[in-house]
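A.B. asks: Model the structure of this input:
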Amino acid sequence: MMRRTLKVLLSAIVFFSLCACEPDKGEPIIKEDEMANLLADYYVIQSAISLYGLERDEAACFYYQKLMEDYGYTEAEFDSSMVWYSHNMDVLETVFTRANEKLKHKRDSLERLASQPQ
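C.D. replies: From the prediction side, this is the model:
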């Protein structure tokens, strides 16, 4: 009886492991364009928090919660979307590329602003 239970358990683990490798056919909660915008803002916040040494500070939690609130999502919805994207790597790569482009645009805008005479 124990061997049979073990075989069923191992079969289930193998089955679910194989399913986890396939792209998810559903849709993410947060769509690609909005996720790219959100991630760009997320990384700006993450950089500021790191720069000022706030990683373990309550302010860090506040900034991340405020970001999710501004976009109209919960942390759970963000996490769920990131799981979906991690199972769909080609789409995730596109989202990260768009987020990177947005960050470069923000950087270029700030550099132009900083180089203007005062």
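A.B. asks: neighbours around Ile30, how many?
C.D. replies: By the criterion of other Cβ atoms under 10 Å, Ile30 has 23 neighbours. C-beta here means a position set from N, CA and C on the backbone, and glycine is covered the same way.
A.B. asks: any idea whether it is helix, strand or coil?
C.D. replies: Three-state call for Ile30 (DSSP: H, G, I helix; E, B strand; the rest coil): coil.
A.B. asks: and what of Met82?
C.D. replies: Relying on three-state DSSP, one would call Met82 helix.
A.B. asks: I'd like the distance between Ala60 and Tyr73.
C.D. replies: Noted for Ala60: a distance of 18 Å to Tyr73, by Cβ to Cβ, to the nearest Å.
A.B. asks: OK, contacts around the residue nearest to Ala99 when sequence neighbours are not counted?
C.D. replies: Leaving aside its chain neighbours, Ala99 sits nearest to Leu39 (4.1 Å; criterion: Cβ to Cβ, 6 or more residues apart in numbering). For Leu39, the contact set (Cβ atoms under 8 Å, 6 or more residues apart in numbering) comprises Val95, Phe96, Ala99.
A.B. asks: just the buried members of those residues?
C.D. replies: Among the contacts of Leu39, those classed as buried by 16 or more other Cβ atoms under 10 Å are Val95, Ala99.
A.B. asks: I appreciate the help and will end here.
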